[in-house]
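K.L.:
dropping a prediction and its sequence here:
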Amino acid sequence: MNIRFPVSIKRSRTTVKIYRIETHSGIVYSVDWRVGKDRKRKAFAHYKLAKSEAEVIANELSRGEAQYDKLTNEDRMIYSRAYKSIKGISKPLDLIANEYSEAINQLQGIPIQQAVEYYLKHHPRELPRR
């Protein structure tokens, strides 16, 4: 692999750079970018991973999605659990969260599961045979 570092990934006015850094434990590829005045950095063991991440960051920043780097590890974990829990539902997570929020507000303190049970009791899915 004959690459000249730093490698610049450009999208419109956004530039994300990849640096090759030699450490005592080996080579590290550092992806660097700026959000406002803040410098951000991520390290990778493999160049392909660093380049892939740099392209994702450059694309998101060029579209104005600067909140990319604001997710904490806890936020990522919460998102992952929420995403897994809606598997099989054909709606995006944000719409499901919006519907849930509206339901909670309308129920005014009544637990949502209690409301569902009441509804199902009074609106059976299958009508008895006559």
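P.N.:
Everything's here; your move.
K.L.:
do a quick rundown of the helices in the protein.
P.N.:
Using DSSP state H, the helices assigned to the chain run over residues 47-62, 73-85, 93-107, 112-122.
K.L.:
which of these sits closest to Trp33?
P.N.:
helix 47-62 (5.6 Å; Cβ to Cβ). (C-beta placed from N, C-alpha, C; glycine too.)
K.L.:
what's the first-to-last distance across stretch 84-103?
P.N.:
End-to-end distance for stretch 84-103: 21 Å, by Cα to Cα, to the nearest Å.
K.L.:
Lys87: neighbouring residues, count only.
P.N.:
6 (other Cβ atoms under 10 Å).
K.L.:
and what of the one 10 residues further on?
P.N.:
The burial count assigned to Ala97 is 13, neighbours taken as other Cβ under 10 Å.
K.L.:
partners of Ile27 in the sheet?
P.N.:
Glu22 (DSSP bridges).
K.L.:
just to revisit the earlier point, which of the helices of the chain sits most buried?
P.N.:
helix 47-62 (a mean of 17; mean count of other Cβ atoms under 10 Å).
K.L.:
give me the residues contacting that one.
P.N.:
1, 3, 7, 9-18, 20, 29-31, 33, 35, 42, 44, 66, 68-69 (Cβ atoms under 8 Å, 6 or more residues apart in numbering).
K.L.:
kindly report the same for stretch 98-107.
P.N.:
Lys91, Ile112, Ala115.
K.L.:
could you measure the nearest residue to the second one once chain neighbours are set aside against Ala45, distance?
P.N.:
Looking back up the chat, that one is Ile112. Using Cβ to Cβ, 6 or more residues apart in numbering and skipping residues adjacent in sequence, the residue nearest Ile112 is Ala103, 5.9 Å away. Ala103 sits 45 Å away from Ala45, taking Cβ to Cβ, to the nearest Å as the criterion.
K.L.:
let me know the closest of the contacts of stretch 98-107 to Arg129.
P.N.:
Looking across the contacts of stretch 98-107 and measuring by Cβ to Cβ, the closest to Arg129 is Ala115, at 28.4 Å.
K.L.:
what's the nearest residue to that closest one if we skip its chain neighbours?
P.N.:
Spatially, and ignoring its direct neighbours in sequence, Ala115 is nearest to Leu107 (5.5 Å; Cβ to Cβ, 6+ apart).
K.L.:
thanks a lot, see you next time.
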